[in-house]
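> A structural model of the following input is requested.
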Amino acid sequence: MNPTSSLVTRFTAVFLVIIILISGIAAFVTFDVAGGALRESIRDELMTSAGIMATQVNASEILPLKPGDEGSPAYIAVARHLATMRSANDKITNAYIMYVDDNQVISFVVDDFWLEDPGQAAQIGEVYPSPDREQIFMALSVPAASENVYTDKWGTFISGYAPIRDENGNTVAVLGIDVEASDLPERVSAVRNAYIALMGSLILAGTLAVFLLSRSLARDIQQLTSAVEEMQAGARTVEIDTRRNDELGSLARAIARLEELIR
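You can find the predicted model right below:
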């Protein structure tokens, strides 16, 4: 086996393994952080939007609403107000108001989707078995948002919630807003694929750099080996490159001095 080729192969293999391990760990950590940051960004935006919208709802306008009032002027006025507020953010697909009774039963009061499709909208008093129950309960006090994407009969969402308070500061209802999230896995996947492509490029660049470095080292080692072999064969003068400023350069200079002594 050619010793130079063997050294190049070993150097490249060792450093390639190191590069792959480091890149893999970095990609995993970065992807996890990026995916979490994307979700947290959406949650923060939802909590902020819900909190602002909830302060613009007049509690006295929703308290009189009762089952069967869908389509009444009072109901339509509140629904239109919700729709107008959510239209300021085109990511929000739906806004609605819910009651939470003393038994922690969640039910709808107003659904702005009624303006588009009364047959599919939530009805007044309709009990909502929400996957976000804990977040809705939390929103009786402070703005909250879905911890994870959830699916109900209307679709797949991430939602934000905030308390609606009366003039005395008492919570009378909870406002909810939805962001369509069926494409969130694809968005996270796009982030992942971008990082995979980046790490792949870094691995290729690192492999090339290691290969070139190992070839350079192997070439200089081979030159020193040839010089020593020539000296052993009785050559009085050998060509030795002493320009390197590392350990190989020190070895080359030592061999050059030895060559001068035996000249």
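> packing partners of whichever strand or helix holds residue 109?
Element membership for residue 109 (DSSP states H and E) is strand 106-111. On a contact count with 3 or more C-beta pairs under 8 Å, 6 or more residues apart in numbering; DSSP states H and E, strand 106-111 meets helix 73-86, strand 92-100. C-betas here are computed from N, CA, C, even on glycine.
> just the strands in the stretch 151-263 of the chain please.
Applying DSSP state E, counting those that start in this stretch to the stretch 151-263 of the chain gives strands spanning 155-165, 171-180.
> which parts of the first one are buried?
The one in question is strand 155-165. For strand 155-165, the neighbour count (16 or more other C-beta atoms under 10 Å) marks 157, 158, 159, 160, 161, 162, 163, 164 as buried.
> what's the angle from it to strand 92-100?
Angle of strand 155-165 versus strand 92-100, following axes from the mean of the first three to the mean of the last three C-alpha atoms, to 10 degrees, is 50 degrees.
> average pLDDT across strand 155-165?
Average pLDDT, strand 155-165: 95.
> what's the answer for the last one, then?
On average, the pLDDT along strand 171-180 is 96.
> which elements pack onto that strand?
Checked by 3+ C-beta pairs under 8 Å, 6+ apart, strand 171-180 has helix 3-55, helix 59-62, strand 92-100, strand 155-165 packed alongside it.
> angle of it against strand 155-165?
Using the same axes, to 10 degrees: strand 171-180 against strand 155-165 is 150 degrees.
> distance check, residue 156 against residue 172.
29 Å (C-beta to C-beta, to the nearest Å).
> about what we covered before: would JSON lines of the strands of the stretch 151-263 of the chain with distance to residue 21 be doable?
Converted to JSON lines, the strands of the stretch 151-263 of the chain look like this (distance: least, C-beta to C-beta, whole Å):
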{"stretch": "strand 155-165", "distance to residue 21": "35"}
{"stretch": "strand 171-180", "distance to residue 21": "38"}
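> do you know which of those lies nearest residue 217?
Counting by C-beta to C-beta, residue 217 lies closest to strand 155-165 out of these; the figure is 53.9 Å.
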